[in-house]
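J.: dropping a prediction and its sequence here:
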Amino acid sequence: MNSIYEFVTPIQLSIRITAVSSILVFILGVPAAWWMTRKPFRGKVFVENLLMLPLVLPPTVIGFILLLLLGKNSILGRFAEWLFDQPIIFSWWAAVIASVVVAFPLVYQTMKVGFSSIDKELEDAGRSIGANEWQVFFWITFPLAWRSLLSAYILGFGRGLGEFGATLMIAGNIPGRTQTVPTAIYLAVDTGNMTFAWWWTGSIMLISFLILLLVSRTK
């Protein structure tokens, strides 16, 4: 019974953490991608590179930066501790934040491609008949871009599911609390428990393959 619990718990935690983080990434990514494709402004290239930076940084570097930003001695860390009544580092929410940061560039870029493919004249036509920006987005932009947005969400889910380096840095590898499938595999290999390592590897490969099938169905 304990073996089944030890096997299932990291999978459940991974899915829960990734489900929450992918929703947050979607909420953040939609306005960011829409704004960057529709609104010219000074310093746009700098902002673009800043948003894409986590895509090229090593996950451990991202984890270290988050550790500095959210540690107990930082302003954000003290605020988070006051808000959640506990330090955010090495907590469930730390794993969520790590997944959000590493998945955001992939989601953002996919959404941006979707918004860029829409003919702006259609949006201008909606504005010409009196529609405001919210109405233009929900009546014209979103219906035309929903496949790209769905693909972005699914890809973000898959990227968050496989996150390892940043999660290990700021959330640790605490069984039943922050131990996701990638960190569980790392610990299993390190301790010589190859049976669990193989089962967890097979599980995450199956889930990842299903995610890719879903993405292909949205095209």
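T.: Looks like it came in fine.
J.: C-alpha from now on. contacts and neighbour counts both.
T.: OK.
J.: quick one: average confidence on stretch 66-83?
T.: Stretch 66-83 shows an average pLDDT of 85 in the prediction.
J.: span of it from start to end?
T.: In stretch 66-83, first residue to last residue: 18 Å (CA to CA, to the nearest Å).
J.: need the residues that contact it.
T.: Q86, P87, I88, I89, A98, M169, I170 (CA atoms under 8 Å, 6 or more residues apart in numbering).
J.: can you flag the buried ones in those residues?
T.: P87, I88, I89, A98, M169, I170 (16 or more other CA atoms under 10 Å).
J.: make CSV from the residues you listed and add pLDDT and distance to I129 to it.
T.: Formatted as CSV, the buried ones among the contacts of stretch 66-83 follow (pLDDT from 0 to 100; distance: CA to CA, whole Å):
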residue, pLDDT, distance to I129
P87, 84, 51
I88, 87, 49
I89, 89, 51
A98, 94, 43
M169, 91, 52
I170, 92, 50
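J.: pick the one among the residues you listed closest to V45.
T.: Closest to V45 out of the buried ones among the contacts of stretch 66-83 is A98 (24.6 Å), distances taken as CA to CA.
J.: residues in contact with that closest one?
T.: G63, L66, E163, A166, T167, I170.
J.: next, count neighbours for P175.
T.: Residue neighbour count, defined by other CA atoms under 10 Å, stands at 14 for P175.
J.: which parts of the lowest-mean-pLDDT helix or strand in the chain are buried?
T.: Each helix and strand of the chain was given a mean pLDDT (mean pLDDT, DSSP states H and E); the minimum falls on helix 75-84 at a mean of 82. Of all the residues in helix 75-84, those buried under the rule 16+ other CA under 10 Å are G77, R78, A80, E81.
J.: one step back: narrow the buried ones among the contacts of stretch 66-83 to those in helices?
T.: Within the buried ones among the contacts of stretch 66-83, residues falling in helices by DSSP state H are A98, M169, I170.
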